[in-house]
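Asks: Fold the following and give me the result.
(chains A and B)
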Amino acid sequence: QIQLVQSGPELKKPGESVKISCKASGYTFTDYAMHWVKQAPGKGLKWMGWINTYTGKPTYADDFKGRFVFSLEASASTANLQISNLKNEDTATYFCARSPGYNSDYWGQGVMVTVSS
Amino acid sequence: DIQMTQSPASLSASLEEIVTITCQASQDIGNWLAWYQQKPGKSPQLLIHSATSLADGIPSRFSGSRSGTQYSLKISRLQVEDTGIYYCLQRYSNPWTFGGGTKLELK
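Replies: From the prediction side, this is the model:
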């Protein structure tokens, strides 16, 4: 069956970096785009952007340009999100999602990233 | 950016009641709209795609409709398991945008 399994929770200090992963299984990884969505504690969903899993080209929403990097390990069917120079406001759950909004969308379980000194 | 104005922000309804949630798009997005339900601590679950199409495995009491740039999600007979937060999502143009969410509780 199709699954997106994300890495575990992270506790980081301001200024540090974090890399979270999203491992896909049950389908051909390069056939579907991978999107990233942020949800701050008690808040709504915010689309961060997506990565073309065939070409590796990322597209970022304006609020996520600069410190955020989407990348792939296509041979491992894995998409990664790296956040550098972490700030308190980066504290959130980050979801990966395969082609959200389409009938065949799938989401990871989410990764909680906590930034605290 | 396309703004999705979702209403109401919260809603309390009784079992078997009809519930309607709406999203108003700031510009034409065609049928590029989806509805999600999110339970606490869980990932969002797709309910409706392409504005009016029921996602696989979703009960038929959920339905979506469109009137111009206003989109609606209707739950025809509210059940206990329908509590949660509902979001609309437009994927017509970048950046994709979610509505602010509607928290649905049982009265």
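Asks: residues contacting the residue nearest to B:Ile18 when sequence neighbours are not counted?
Replies: Counting by C-beta to C-beta, 6 or more residues apart in numbering or on different chains, B:Ser76 is the residue found nearest to B:Ile18 once chain neighbours are left out, at 5.8 Å. Placement of C-beta: from N, CA and C, glycine included. With contact set as C-beta atoms under 8 Å, 6 or more residues apart in numbering or on different chains, B:Ser76 has these partners: B:Ile18, B:Arg61, B:Phe62, B:Ser63.
Asks: Could you measure from the first one over to chain A?
Replies: When you say that, I think you mean B:Ile18. Distance, B:Ile18 to chain A, using C-beta to the nearest C-beta, to the nearest Å: 24 Å.
Asks: residues touching that residue, list them.
Replies: Counting by C-beta under 8 Å, 6+ apart, B:Ile18 touches B:Lys74, B:Ile75, B:Ser76, B:Arg77, B:Leu78.
Asks: Could you do the third one as well?
Replies: For B:Phe62, the contacting residues are B:Trp35, B:Leu47, B:Ile48, B:Leu54, B:Leu73, B:Lys74, B:Ile75, B:Ser76, by C-beta under 8 Å, 6+ apart.
Asks: Ranking by neighbours, what's the top pick from those residues?
Replies: For the contacts of B:Phe62, the largest number of neighbours (other C-beta atoms under 10 Å in any protein chain shown) sits with B:Trp35, at 28 neighbours.
Asks: Please name the residues that touch the residue lying closest to it once chain neighbours are set aside.
Replies: Distance criterion C-beta to C-beta, 6+ apart; nearest residue to B:Trp35, sequence neighbours excluded, is B:Ile48 at 4.1 Å. When contacts are counted by C-beta under 8 Å, 6+ apart, B:Ile48 touches B:Leu33, B:Ala34, B:Trp35, B:Leu54, B:Ala55, B:Ile58, B:Phe62, B:Ser63, B:Gly64, B:Leu73.
Asks: Pull the most distant pair out of these.
Replies: Taking C-beta to C-beta as the measure, the contacts of B:Ile48 span a maximum distance of 15.3 Å, between B:Leu33 and B:Ile58.
Asks: higher neighbour count, these two?
Replies: Each of B:Leu33 and B:Ile58 has its neighbours counted (other C-beta under 10 Å); B:Leu33 has more, 26 against 17.
Asks: Before we move on, what's the pLDDT of the residue nearest to that one when sequence neighbours are not counted?
Replies: In space, and not counting its chain neighbours, B:Leu33 is closest to B:Ala51: 4.6 Å by C-beta to C-beta, 6+ apart. Here the pLDDT value assigned to B:Ala51 is 98.
Asks: just the one 4 residues further on next, same as before
Replies: Per-residue confidence (pLDDT) for B:Ala55: 96.
Asks: Then the one 4 residues further on?
Replies: With respect to pLDDT, B:Pro59 has a value of 97.
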